[in-house]
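Student: Got a sequence here, can you model it:
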Amino acid sequence: LDDMDMCSLKALEADGSPSRSLLKLIGDQGCIVGELVEFLQIMGHTDAL
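Tutor: Residues are numbered from 1 along each chain as shown. The predicted structure is shown next:
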């Protein structure tokens with residue numbers, strides 16, 4: 001596999017994607033989905049829902 005393929009595969013791992021890492025950290029801190037949805041709505045990021 002070339003570097004681009006390896007990078008894409010790495011992003012599928014929980015620790016390989018910044019978004020997944022952030023969601024895991026938020027979950028580990030006790031944030032529930034409802035709270036996350038509320039925060040995203042307050043920040044105007046409804047496209048993420």
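Student: Show me the residue at the heart of this protein, geometrically.
Tutor: Residue closest to the mean C-alpha point of the chain, counted by Cα atoms, centre = their mean, is residue 19 at 2.8 Å.
Student: For this structure, give me the ranges with low pLDDT.
Tutor: Along the chain, the parts satisfying pLDDT under 70 run over 1, 4-15.
Student: can you give me the helices in it?
Tutor: 3-11, 18-28, 33-42 (DSSP state H).
Student: Let me have those in TSV, adding distance to residue 49 as columns.
Tutor: (C-beta placed from N, C-alpha, C; glycine too.) Shown next, in TSV, are those (distance: least, Cβ to Cβ, whole Å):
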stretch	distance to residue 49
helix 3-11	21
helix 18-28	14
helix 33-42	6
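Student: Out of those helices, which gets nearest to residue 48?
Tutor: Of all the helices of the chain, the one in closest proximity to residue 48, counting by Cβ to Cβ, is helix 33-42 (5.4 Å).
Student: Measure how far the closest one is from the centre of its chain, please.
Tutor: Distance, stretch centre to chain centre, for helix 33-42: 14 Å (Cα atoms, centre = their mean, to the nearest Å).
Student: So the residue nearest to residue 46 when sequence neighbours are not counted versus residue 20, what's the distance?
Tutor: When the adjacent residues along the chain are set aside, residue 46 lies closest to residue 40, with 6.7 Å between them (Cβ to Cβ, 6 or more residues apart in numbering). Distance check for residue 40 against residue 20: by Cβ to Cβ, to the nearest Å, it reads 16 Å.
Student: swap in residue 27?
Tutor: To residue 20, residue 27 is 10 Å away according to Cβ to Cβ.
Student: separation between the residue nearest to residue 46 and residue 2?
Tutor: Using Cβ to Cβ, we find residue 40 at a distance of 35 Å from residue 2.
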